[in-house]
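# Turn this into a model:
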Amino acid sequence: MPLLHIISPHFLWKTHFLINPGQSGTMSMWQDVFAVKIKEMHITDGWTLLEDDALQVQACRPGWKEFVHWSPLCPDRFQCSQCFHNWSSAKVHILFHMYHCPGWGTVWMRIFRQKCRRCPNSRLEDPQFSLDTVETILHNLVIKILQYFYKKPVQPSDLLAVVVDRPVTGPHDCAHCEACELGICNRSQRVPALDAWKPLMDEDKARITLGCLSQAPYPTTSGRLMGLMDSYGTYPV
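Model prediction:
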């Protein structure tokens, strides 16, 4: 099943739009940004990013590594497909499983969903991400690849924070969170991130954005807050 989908016919800024995982359209955007980040970090092996919505936390096959990324999402980043209610979330988790062999590597990812609290028989809905958020998530993923497979030292300032345009307030709704059902939320915590982010170059943003123009992008803005956890329950300090 393809990973992403642009959800609105509006377009104001070339990199500020929302991306909806779990629907058709723009898995290629995640893959394009991932390829740019791999190149920026001077990794010459060929790495592939794929989706697996059955991926399980702490269930890596031998030789694989795990990374769990979580971030808050501001209002209107979830939408119920039945009543069209919008909501924010204090925690949205993305699970990555990574494997490396000489010359190539593979990453499988799963984005955990949430249910609408207003509908009695609500469905699990996919979150929506801005391109800036996708950039940050994949930057952190590549940093973990460098740490796990290339033995590069990682500093706290190397891991970035996801930006939100409005604060996410109120308690996390565990009763309607797929990650909470699987016990993932209880194992994660927020960590500070410093200014070590390397944004995409203008030509890369233009190339990635132009590839999605035919799919009606949607405007948004961004700010920075994030949580990170690896598969062994250790955190950057």
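# pLDDT weak spots in this protein?
Applying pLDDT under 70 to the chain flags residues 1-26, 71-76, 90, 164-176, 183-237.
# if you set the cut-off to 90 instead, what comes out?
1-30, 53-62, 68-94, 111-134, 154-237 (pLDDT under 90).
# quick one: the strands in it?
Applying DSSP state E to the chain gives strands spanning 4-6, 18-21, 46-51, 65-79, 86-101, 104-111, 114-115, 124-125, 129-130, 227-230.
# helices and strands around the longest helix anywhere in the chain, which ones?
Secondary structure assigned by DSSP state H gives helix 131-149 as the longest helix of the chain. Here helix 131-149 touches helix 27-40, strand 65-79, strand 86-101, strand 104-111, helix 202-210, going by 3 or more Cβ pairs under 8 Å, 6 or more residues apart in numbering; DSSP states H and E. (Glycine included, C-beta is placed from N, CA and C.)
# Buried deepest among the strands of the chain, which one?
Most buried of those by mean neighbour count (mean count of other Cβ atoms under 10 Å) is strand 129-130; its value is a mean of 28.
# Name every strand pairing with that one and say which way it goes.
strand 18-21 (antiparallel) (DSSP bridges).
# State the distance from V154 to V92.
23 Å (Cβ to Cβ, to the nearest Å).
# about what we covered before: mind putting the helices and strands packed on helix 131-149 into JSON lines with distance to T48?
Output for those, formatted as JSON lines (distance: least, Cβ to Cβ, whole Å):
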{"stretch": "helix 27-40", "distance to T48": "8"}
{"stretch": "strand 65-79", "distance to T48": "15"}
{"stretch": "strand 86-101", "distance to T48": "10"}
{"stretch": "strand 104-111", "distance to T48": "5"}
{"stretch": "helix 202-210", "distance to T48": "17"}
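# Any idea which of these gets closest to D53?
Checking those against D53 by Cβ to Cβ gives strand 104-111 as the closest, at 5.7 Å.
# Remind me what that closest one packs against, helices and strands.
For strand 104-111, the packing partners by 3+ Cβ pairs under 8 Å, 6+ apart come out as strand 46-51, strand 86-101, helix 131-149.
# export the ones you listed to JSON lines and tack on distance to H69?
Formatted as JSON lines, the helices and strands packed on strand 104-111 follow (distance: least, Cβ to Cβ, whole Å):
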{"stretch": "strand 46-51", "distance to H69": "13"}
{"stretch": "strand 86-101", "distance to H69": "5"}
{"stretch": "helix 131-149", "distance to H69": "6"}
